[in-house]
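J.: here is a sequence together with a model predicted from it:
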Amino acid sequence: MADQELDSSDPSCLHLVSAFLAMDSTESLISLSRVCGGGSVTEGVQRFIWDHCLSKAAQNFHAPYLKNFLKKLIAEIEDDNVVKGRICKCISFLFPAGSSQLPSCPNLGKLVVPLRCSLNMLDGDTGYASLMISVL
């Protein structure tokens with residue numbers, strides 16, 4: 001889903017560009033980026049940062065500052081995607097009547113295994129987050 005393009009005359013966008021040019025702390029830049037995106041660093045905000053900050057400053061800017069900012073920005077985007085990109089699926093196993101005498105079978109005849117994983121798992125990445133077994 002494409003984000004709408006940010007207006008460079010918007011006060012929150014102006015604050016972000018000004019803070020970048022003033023070489024404010026990366027935490028401040030990330031915070032201002034979230035404000036521009038309504039709480040997260042959206043694709044529109046990422047495009048805005050590229051168009052109005054990075055592409056114009058790449059040759060004339062302090063390289064360690066840019067590197068640090070990009071690292072924090074990428075980490076923020078990945079963390080945001082991890083939170084949004086989780087799914088939870090419950091897998092149920094039903095056991096026939098009388099099998100509860102076996103030590104490996106639950107007493108109620110039903111075992112539910114909630115599996116939480118990343119949506120990246122659907123794209124070929126394992127994305128395994130955690131496996132919790134609970135007996136209902």
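T.: Good, I have the coordinates.
J.: what about the longest helix in the chain?
T.: Criterion DSSP state H: the longest helix present in the chain is helix 63-84.
J.: name the helices or strands packed onto that helix?
T.: Here helix 63-84 touches helix 26-36, helix 43-49, going by 3 or more CB pairs under 8 Å, 6 or more residues apart in numbering; DSSP states H and E. C-betas here are computed from N, CA, C, even on glycine.
J.: what's the closest of the ones you listed to Y65?
T.: Between Y65 and the helices and strands packed on helix 63-84, the shortest gap by CB to CB is with helix 26-36, which sits at 8.2 Å.
J.: so the closest one versus helix 63-84, what angle?
T.: Angle, helix 26-36 to helix 63-84, by axes from the mean of the first three to the mean of the last three CA atoms, to 10 degrees: 50 degrees.
J.: can you name every helix or strand that helix 26-36 contacts?
T.: helix 11-21, helix 43-49, helix 63-84.
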